[in-house]
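Undergrad: Only the shape, not the letters, is given here:
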Ligand code: GLC
């Protein structure tokens, strides 16, 4: 598709959306909004003629060898959990401009897809940006209490405003605001004092206020055309020199949205970091696959273990930069689940907070991080320097991390009938202990049908997530087949299925601007198309099967077991993914089974199956 056509298509999307939006009733808007955002999702980061889809915007990812031998690789193996901070002029606006509130990621408020603030007007904001409540020691203490090991803060985001004292651009916090201090110096020092790592985010490609920067004006104040190369030489590279030479040792430079940045510029950036900070990592989003590790799409936790070094970045609420209305805080338990499951897949979790325009931290962010941190203080071994799960994926009740011959079972969903079912463990257990703050309770266990059954107390004394430690006689051996136990719903994403004569692919969309969702799904069904999962069933019984899908019309599905039993049923479809009960499937024998799903009537092209859920009828 040509660039012109894409831009035209994008403008039509926006136009149609606006016409629709103004005329739709508010109850309709609630339903239609997510659908339209799916439609627009891949083009919203358009840059006029230079439109770049989000996959390209985040850049090719690095699949480098494990760096654990190099000192800079230690950051991820020991760390696993870090604080990301998005803080800049946009925090002052808090997603409101000219009495209008914009919904989406706050650090993009200036962009034409949100408030579209002209460069001159945006620059004016600096004059009233006076974050007198910024307290570096308090932020570092918060990160420490949260159990985080290093802090990465935005030194310059896409708006081009430097949050540090830059000699090459006056558009910086020391020269352009009444504050007159360099808060990055304070934060770097506080991290050093309290023993945390410190590093910078830097937007290398997008700079919306610097002439020549991607998304920025193409002429300078005198009307001269400025190239990207000129922007790069006069602002980007010298600022990267500044952040890597003026703040002591840093652990990481987190570049972002490389878009179409030329390879030679990326090489220069990486060389500059290596020269000034040989022990600092370079993020996966530097461009051209030249980072030290993979950075996944925002808010994405992979389904299966991933080798090599990688990280997931996530937000404490919905917006990276502070937005006045954003109260959608993740609970301490959800933060812990995301952290543990990221570590269990082999990655590092970096969680963002967005300080307000006055520099203070939203109270709820401090609460949820500190509360999650209290749990981590009790069970540090579950996360720090822990290895990924031998099962390769989440289990129906939680997740597993490992150190040597010890497995840590983090139970997110504690069963109340005194039994916890663990599928596929083939190594002998020496001890099974339920861990407490100061106590350890020995657990009895038995094996049946290749499953380990742990006798656990019916009442869970741990408020968030209980941890069971299994000490194995030998190095682990595990059959990773997905296990269906009698007490938990097993959610089988199509990620785990074999897809025959249908199309399996990852889908991304935004529900609010910049708030990404990621799933695996199957569509484009041929008449003989099907998906098939292998699972290990603990107990013969009747099981309820539910399908989660999106579509345009009523659908008829067939779900078949390898014992010849099947369900055939018609259900509705909606434009958003929704779960529908399909019926009972009888399973006669314990052990391994294949379950197949096929679409037998409906919209074969567009019906998109996300997952199958199955649970025992009691
Ligand atoms: C996206 C956004 C950016 C944000 C980043 C965090 O790339 O463009 O605003 O800083 O995600 O991962």
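TA: Good, I have the coordinates. If you're wondering where the values come from, they're calculated on a predicted model, not measured in any experiment.
Undergrad: hey, where'd the strands end up in the stretch 201-350 of the chain?
TA: 252-255, 281-282, 294-295, 310-315, 348-353 (DSSP state E, counting those that start in this stretch).
Undergrad: Sorry, slip of the keys, the one I care about is the stretch 501-618 of the chain.
TA: Counting by DSSP E, counting those that start in this stretch, the stretch 501-618 of the chain has strands at residues 503-510, 516-523, 530-537, 541-550, 555-561, 566-571, 578-587, 591-601, 608-616.
Undergrad: what about the fifth one, average pLDDT?
TA: Put plainly, it is strand 555-561. Averaging pLDDT along strand 555-561 yields 98.
Undergrad: what are the pairing partners of it, and which direction each?
TA: strand 566-571 (antiparallel), strand 591-601 (antiparallel) (DSSP bridges).
Undergrad: Would you tell me which of the ones you listed gets closest to residue 249?
TA: The closest of the strands paired with strand 555-561 to residue 249 is strand 591-601. By C-beta to C-beta, the value is 52.3 Å. To be clear about C-beta, it is placed using only N, CA and C from the backbone, and glycine gets the same treatment.
Undergrad: who wins for proximity to the ligand among the strands of the stretch 501-618 of the chain?
TA: Nearest of the strands of the stretch 501-618 of the chain to the ligand, taken as C-beta to the nearest ligand atom: strand 516-523 at 8.4 Å.
Undergrad: for the closest one, the distance to its chain's centre please.
TA: Computed by C-alpha atoms, centre = their mean, to the nearest Å, the chain-centroid distance of strand 516-523 equals 14 Å.
Undergrad: With stretch 204-224 instead?
TA: Stretch 204-224 has its average C-alpha position 30 Å from the chain's average C-alpha position, going by C-alpha atoms, centre = their mean.
Undergrad: That stretch: end-to-end distance?
TA: Taking C-alpha to C-alpha, to the nearest Å, the first and last residues of stretch 204-224 lie 22 Å apart.
Undergrad: Quick check: buried residues in it?
TA: By 16 or more other C-beta atoms under 10 Å, the buried positions in stretch 204-224 come out as 204-217.
Undergrad: now those as CSV including distance to the ligand and pLDDT?
TA: Below are the buried residues of stretch 204-224 laid out as CSV (distance: C-beta to the nearest ligand atom, whole Å; pLDDT from 0 to 100):
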residue, distance to the ligand, pLDDT
204, 12, 98
205, 11, 98
206, 8, 98
207, 13, 98
208, 11, 98
209, 15, 98
210, 17, 98
211, 21, 98
212, 19, 98
213, 14, 98
214, 12, 97
215, 11, 97
216, 15, 97
217, 19, 97
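Undergrad: For the ligand, what is the nearest residue in the stretch 401-550 of the chain?
TA: For the stretch 401-550 of the chain, C-beta to the nearest ligand atom, closest residue to the ligand: residue 514, 6.0 Å.
Undergrad: okay, now that residue: neighbour count?
TA: Neighbourhood size, residue 514 [other C-beta atoms under 10 Å]: 25.
Undergrad: Backbone dihedrals for it, please?
TA: Backbone geometry at residue 514, expressed as degrees, to the nearest 10, gives phi 90, psi 0.
Undergrad: Could you report the separation of it from residue 508?
TA: 12 Å (C-beta to C-beta, to the nearest Å).
Undergrad: Determine how far the last residue of stretch 201-218 lies from the first.
TA: So stretch 201-218: terminal residues 24 Å apart, C-alpha to C-alpha.
Undergrad: Tell me which of the strands of the stretch 501-618 of the chain sits most buried.
TA: Among those, ranked by average contacts under mean count of other C-beta atoms under 10 Å, first place goes to strand 608-616 (a mean of 22).
Undergrad: That strand vs strand 516-523, what angle?
TA: Strand 608-616 and strand 516-523 meet at an angle of 90 degrees, taking axes from the mean of the first three to the mean of the last three C-alpha atoms, to 10 degrees as the criterion.
Undergrad: Dump the buried residues of stretch 204-224 to JSON lines, plus distance to residue 503.
TA: Formatted as JSON lines, the buried residues of stretch 204-224 follow (distance: C-beta to C-beta, whole Å):
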{"residue": "204", "distance to residue 503": "35"}
{"residue": "205", "distance to residue 503": "32"}
{"residue": "206", "distance to residue 503": "33"}
{"residue": "207", "distance to residue 503": "38"}
{"residue": "208", "distance to residue 503": "37"}
{"residue": "209", "distance to residue 503": "42"}
{"residue": "210", "distance to residue 503": "42"}
{"residue": "211", "distance to residue 503": "44"}
{"residue": "212", "distance to residue 503": "41"}
{"residue": "213", "distance to residue 503": "38"}
{"residue": "214", "distance to residue 503": "33"}
{"residue": "215", "distance to residue 503": "33"}
{"residue": "216", "distance to residue 503": "39"}
{"residue": "217", "distance to residue 503": "42"}
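Undergrad: Specify which member of those residues is nearest to residue 325.
TA: Closest to residue 325, out of all of the buried residues of stretch 204-224 and judged by C-beta to C-beta, is residue 208, at 23.4 Å.
Undergrad: follow-up on the earlier one: CSV please, covering the strands of the stretch 501-618 of the chain and showing distance to residue 71.
TA: Formatted as CSV, those follow (distance: least, C-beta to C-beta, whole Å):
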stretch, distance to residue 71
strand 503-510, 34
strand 516-523, 33
strand 530-537, 42
strand 541-550, 45
strand 555-561, 53
strand 566-571, 56
strand 578-587, 48
strand 591-601, 45
strand 608-616, 42
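Undergrad: between these, which one is nearest to residue 409?
TA: Of all the strands of the stretch 501-618 of the chain, strand 530-537 sits nearest to residue 409, with 17.3 Å by C-beta to C-beta.
Undergrad: got the contact list for residue 302?
TA: 296, 312, 345, 347 (C-beta atoms under 8 Å, 6 or more residues apart in numbering).
Undergrad: whoops, I mixed them up, residue 417
TA: Contacts for residue 417 (C-beta under 8 Å, 6+ apart) come out as 458, 487.
Undergrad: Name the SS class of it, please.
TA: Three-state assignment for residue 417 (DSSP: H, G, I helix; E, B strand; the rest coil): coil.
Undergrad: Let me know the distance separating it from residue 451.
TA: Between residue 417 and residue 451 the distance is 15 Å, computed by C-beta to C-beta.
Undergrad: and the protein, which of its residues are near the ligand?
TA: Within the chain, the positions near the ligand by C-beta under 6 Å from any ligand atom are 86, 105, 107, 108, 256, 257, 298, 313, 320, 514.
Undergrad: Closest one to residue 356 out of these, please.
TA: Nearest to residue 356 out of the residues of the chain next to the ligand is residue 86 (C-beta to C-beta; 11.7 Å).
Undergrad: shouldn't that closest one be in contact with residue 154?
TA: Yes: Residue 86 is in contact with residue 154 according to C-beta atoms under 8 Å; the separation is 5.3 Å.
Undergrad: Spell out which residues are contacts of both of the two.
TA: 107, 201.
Undergrad: Who has more neighbours out of these two?
TA: Higher neighbour count among residue 86 and residue 154: residue 154, with 29 against 23, using other C-beta under 10 Å.
Undergrad: ok, the residue of the stretch 401-550 of the chain closest to the ligand touching residue 103?
TA: No: taking contacts as C-beta under 8 Å, residue 514 lies outside contact range of residue 103: 9.9 Å.
Undergrad: what residue ranges in this protein are flagged as low confidence?
TA: Scanning the chain for pLDDT under 70 picks out 1-56, 62-69.
Undergrad: Using the record's assignment, carve it into domains.
TA: 3-43, 73-249+297-378, 398-479, 490-616 (automatic domain parsing).
Undergrad: tell me the most buried of these?
TA: The most buried one of the domains of the chain (mean count of other C-beta under 10 Å) is domain 73-249+297-378, showing a mean of 20.
Undergrad: Take the residues of the chain next to the ligand and keep only those in helices.
TA: Using DSSP state H, no member of these sits in helices.
Undergrad: What I need now is these written out in a markdown table, including distance to residue 179 for each item.
TA: A markdown table is the format used below for the residues of the chain next to the ligand (distance: C-beta to C-beta, whole Å):
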| residue | distance to residue 179 |
| --- | --- |
| 86 | 18 |
| 105 | 24 |
| 107 | 19 |
| 108 | 23 |
| 256 | 25 |
| 257 | 27 |
| 298 | 29 |
| 313 | 27 |
| 320 | 21 |
| 514 | 27 |
